[in-house]
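S.K.: fold the following and give me the result.
(2 chains)
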Amino acid sequence: GENVEQHPSTLSVQEGDSAVIKCTYSDSASNYFPWYKQELGKRPQLIIDIRSNVGEKKDQRIAVTLNKTAKHFSLHITETQPEDSAVYFCAAVYAGNMLTFGGGTRLMVKP
Amino acid sequence: DTAVSQTPKYLVTQMGNDKSIKCEQNLGHDTMYWYKQDSKKFLKIMFSYNNKELIINETVPNRFSPKSPDKAHLNLHINSLELGDSAVYFCASSQGRNSYEQYFGPGTRLTVT
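M.R.: Just a heads-up that it's a prediction; the model follows:
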């Protein structure tokens, strides 16, 4: 199966700063990489995703980059706000539609 | 108008019991999933199911079984519950094999005493 590593496990930033979370994956056949945000006691929510035929995707303050050669992908959040505080998960698809998740990053945005 | 729903929200039971968690989606999706999130927040896929194919994560004990009465429902049945089964279980769905976006239910917190 797929193995996904995520770093850092915790990240603290000042409001207005940028935050970057990085993931690596093991299966070169993976072609879909979503990012989920999970607030305390809530369900994971899809915030952005990228497919293997694209190197970068942006949605307002959130962007994701993918390096297929190195098997790395990253989430970038600019102009962070306190409501961005949550646990963020990266994932990679394998076996057609199964998602393997990274270990999560707890992001804390200090006002 | 909830897209993916689960019942119950909380489930407390004793070791050795058998329990079920229900999941329903009204998105018209073809594929449904069950995930387990442990106390350290690790999210792990347990099953992927559509009307043609069940894919099982090989690490899932056979005490766990998905049951689908129809395309909109995928229930999780657990036999002989153990302490280590305590976790939050999430149901999710996606449109089909070529559409990977998965949408999660609110979760069921299972506590085994």
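S.K.: can you mark which positions in the helix or strand of chain B with the lowest mean pLDDT are buried?
M.R.: Least confident helix or strand, chain B: strand B:54-56 with a mean of 82, by mean pLDDT, DSSP states H and E. Buried residues in strand B:54-56, counted by 16 or more other CB atoms under 10 Å in any protein chain shown: B:Ile55, B:Ile56. All C-beta atoms are positioned from the backbone trio N, CA, C, and that covers glycine.
S.K.: quickly run through the sheet partners of that strand, with directions.
M.R.: strand B:43-49 (antiparallel) (DSSP bridges).
S.K.: go through the strand it pairs with and flag the buried ones.
M.R.: Within strand B:43-49, the residues scored as buried using 16+ other CB under 10 Å are B:Leu43, B:Lys44, B:Ile45, B:Met46, B:Phe47, B:Ser48, B:Tyr49.
S.K.: show me what contacts B:Phe64?
M.R.: Shown in contact with B:Phe64 (CB atoms under 8 Å, 6 or more residues apart in numbering or on different chains): B:Met46, B:Phe47, B:Leu76, B:His77, B:Ile78, B:Asn79.
S.K.: swap in 6 Å and give it another go.
M.R.: Taking CB atoms under 6 Å, 6 or more residues apart in numbering or on different chains, we find B:Phe64 in contact with B:Ile78.
S.K.: report pLDDT for it.
M.R.: If you check B:Phe64, the pLDDT there is 96.
S.K.: equivalent analysis for B:Asp1, please.
M.R.: pLDDT at B:Asp1 comes out at 58.
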